[in-house]
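A.B. asks: Give me coordinates for this.
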Amino acid sequence: MRSKIKKCKACNLYTLKEICPICEVTTSPTKPARFSPEDRYGRYRRALRQETR
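C.D. replies: Numbering: from 1, shown residues only. Predicted coordinates:
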């Protein structure tokens, strides 16, 4: 699954747009979150996902 959030390399701003709204430089996709078997918040994230469906 690809992330929709993007990061500007010039000003380190996170955005959903293809071009940074502050410095007008093209943005790049972010890296996925690090996986950990000891995910402390996984239970809450899964519960929230079930509520929104």
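A.B. asks: CA atoms for contacts and neighbours, from now on please.
C.D. replies: OK.
A.B. asks: Would you map the helices across the chain?
C.D. replies: 42-52 (DSSP state H).
A.B. asks: quick one: low-confidence parts of it?
C.D. replies: Where the chain drops to pLDDT under 70, the residues are 1-2.
A.B. asks: which stretches of it form strands?
C.D. replies: Taking DSSP state E, the strands of the chain run over residues 6-8, 14-15, 27-29.
A.B. asks: Deepest-packed of the ones you listed, please.
C.D. replies: strand 6-8 (a mean of 22; mean count of other CA atoms under 10 Å).
A.B. asks: Take the strands of the chain and lay them out in JSON lines including distance to G42.
C.D. replies: Below are the strands of the chain laid out as JSON lines (distance: least, CA to CA, whole Å):
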{"stretch": "strand 6-8", "distance to G42": "23"}
{"stretch": "strand 14-15", "distance to G42": "23"}
{"stretch": "strand 27-29", "distance to G42": "23"}
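A.B. asks: where's the residue nearest the centre of the chain relative to Q50, distance?
C.D. replies: By CA atoms, centre = their mean, the chain has its centre lying nearest to I5, at 4.4 Å. Using CA to CA, to the nearest Å, I5 is found at 22 Å from Q50.
A.B. asks: again, but for P32
C.D. replies: 22 Å.
A.B. asks: do the same with P21
C.D. replies: 34 Å.
A.B. asks: out of the two, which sits in the more crowded spot?
C.D. replies: P21 (13 against 9; other CA atoms under 10 Å).
A.B. asks: Report the beta-bridge partners for T27.
C.D. replies: Beta-bridge pairing for T27 (DSSP bridges): C8.
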